[in-house]
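Asks: Got a sequence here, can you build the structure:
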Amino acid sequence: MAIHRFRPTRYHTVIGTAEPCLRVADGDTIIADTIDASGLDANEAQAWERGNPMTGPFYVDGAAPGDTLLVQINRLTPSRATGWTYSPLAFTVLDPAYIPERPASERAVWIIDANAGTVRLRDPAAGLENFMPEIAPMIGCFGVAPARGQAISTATSAQHGGNMDYRMFKPGTTAWLPVSVPGALFYLGDGHACQGDGEIVGTGIETSFEMEVTLKVLKRSITWPRGETADDIFTVGNARPLDQALQHATTEMLRWLGEDYGLDAHAASHLMGQVVNYDIGNVFNPAYTVGCRIAKRWLTKR
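Replies: As a prediction, this is how the structure comes out:
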């Protein structure tokens, strides 16, 4: 199992079938630099055009259409001491008749204090002088090449993954992605130092990262992304309207409970009806994201 240190010189604002930047073996680990959503690198230089530019794609030997790519998120380390967000709240999360007052500048700069483990506004608004949430790194956008030669914008998401902005995609999580092309062609980027549910200002705290992931091939098929932490399993649906995303996530969880935990639809409905948790991922971009999550303490693998 090799470890590859990769420093990209080009990026992608679509996820699709493209020339691989690196070929790795099943089980290898990649340590890769990523740039922020607007294309700024670790030196705050404009390395690429804006729009969630991705590092990749990485070709994984042995991955074939119908397989599943497991992505162990080992480490997400911000590579600079600043990030940025937008303001105010997105119109998608407000009543249509409510028009918020717009600030003089819609882009705010945040200080990422690695020593303190916190983030804070460089020029805090009144009342937020002592607002310093903890750094909570996550991957906003990542995925594998979709089927049928599609190239899907990194502004949105679908079965292949993409711009899900789901806070569970953090260190310690293993993500599952359905493979549609030889080698899977894995992309990652759009790191956030911190973000609330929904990405409701249109960004997390956007910054550049050094990301470490381990890629493994699982010889089984899934339909929508899945994930696993020490405490939970979860499935992800990406669609619009929000109820359709929830339907995709719920259906994928129902499949998983049958496949790995031996629960028929009757048993699964009793379990899910009492202990399921729903999380909201992205509700800003063209497709919305819903996570369907169940604590492992309720489950026994067959």
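
Asks: What are the boundaries of the helices in the stretch 101-250 of the chain?
Replies: 242-261 (DSSP state H, counting those that start in this stretch).

Asks: all strands of it, in order?
Replies: 107-113, 118-121, 138-144, 151-153, 157-158, 161-163, 174-178, 186-192, 209-218, 226-228, 232-239 (DSSP state E, counting those that start in this stretch).

Asks: would CSV of those with mean pLDDT and mean neighbour count be doable?
Replies: (C-beta placed from N, C-alpha, C; glycine too.) Shown next, in CSV, are these (pLDDT from 0 to 100; neighbours: other C-beta atoms under 10 Å):
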stretch, mean pLDDT, mean neighbour count
strand 107-113, 97, 16
strand 118-121, 98, 18
strand 138-144, 98, 28
strand 151-153, 98, 16
strand 157-158, 98, 26
strand 161-163, 98, 31
strand 174-178, 98, 23
strand 186-192, 98, 29
strand 209-218, 98, 20
strand 226-228, 98, 21
strand 232-239, 98, 26
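
Asks: Between the ones you listed, which one is closest to Gly56.
Replies: When the strands of the stretch 101-250 of the chain are compared for distance to Gly56 using C-beta to C-beta, the nearest one is strand 186-192, at 3.7 Å.

Asks: Now do that closest one: which elements does it pack against?
Replies: If you count contacts as 3 or more C-beta pairs under 8 Å, 6 or more residues apart in numbering; DSSP states H and E, strand 186-192 packs onto strand 29-34, strand 54-60, strand 68-78, strand 138-144, strand 209-218.

Asks: Specify the stretch among the strands of the stretch 101-250 of the chain that is closest to Val24.
Replies: strand 209-218 (6.4 Å).

Asks: Name every strand pairing with that closest one and say which way it goes.
Replies: Sheet pairing of strand 209-218 (DSSP bridges) gives strand 29-34 (antiparallel), strand 68-78 (antiparallel).

Asks: CA atoms only: put the longest one into PDB for me.
Replies: Right, the one you point to is strand 68-78. Written as PDB, here are the backbone C-alpha positions of strand 68-78 (Å, rounded to 0.1, in the frame of the first residue of the first chain):
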ATOM      1  CA  THR A  68     -18.000   0.900  -5.200                       C
ATOM      2  CA  LEU A  69     -15.000   3.200  -4.300                       C
ATOM      3  CA  LEU A  70     -14.400   3.600  -0.600                       C
ATOM      4  CA  VAL A  71     -12.800   6.900   0.300                       C
ATOM      5  CA  GLN A  72     -11.300   7.000   3.800                       C
ATOM      6  CA  ILE A  73     -11.000  10.600   4.800                       C
ATOM      7  CA  ASN A  74      -7.800  10.500   7.000                       C
ATOM      8  CA  ARG A  75      -6.900  14.100   7.400                       C
ATOM      9  CA  LEU A  76      -8.000  17.600   6.200                       C
ATOM     10  CA  THR A  77      -5.400  20.300   7.100                       C
ATOM     11  CA  PRO A  78      -6.000  23.900   6.000                       C
END
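
Asks: average model confidence for the next helix or strand after it?
Replies: Using DSSP states H and E, the next helix or strand after strand 68-78 towards the C-terminus is strand 82-86. Across strand 82-86, the average pLDDT comes to 97.

Asks: Make 36 the first number, not 1, from now on.
Replies: Understood, numbering begins at 36; the last thing we discussed is strand 117-121.

Asks: Can you list the neighbours in contact with strand 117-121?
Replies: 71, 73, 79, 141-147, 154, 157, 227-228, 236-242 (C-beta atoms under 8 Å, 6 or more residues apart in numbering).

Asks: Would you mind putting the strands of the stretch 136-285 of the chain into a markdown table with distance to Leu292 alongside?
Replies: Formatted as a markdown table, the strands of the stretch 136-285 of the chain follow (distance: least, C-beta to C-beta, whole Å):
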| stretch | distance to Leu292 |
| --- | --- |
| strand 142-148 | 39 |
| strand 153-156 | 37 |
| strand 173-179 | 24 |
| strand 186-188 | 29 |
| strand 192-193 | 23 |
| strand 196-198 | 22 |
| strand 209-213 | 15 |
| strand 221-227 | 27 |
| strand 244-253 | 17 |
| strand 261-263 | 12 |
| strand 267-274 | 9 |
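
Asks: if we compare the ones you listed, which one ends up closest to Ala67?
Replies: Set against Ala67 and scored by C-beta to C-beta, the strands of the stretch 136-285 of the chain come closest in strand 244-253, at 5.6 Å.

Asks: what distance separates that closest one from the centre of its chain?
Replies: Remark: strand 244-253 is offset 13 Å from the chain centroid, using C-alpha atoms, centre = their mean, to the nearest Å.
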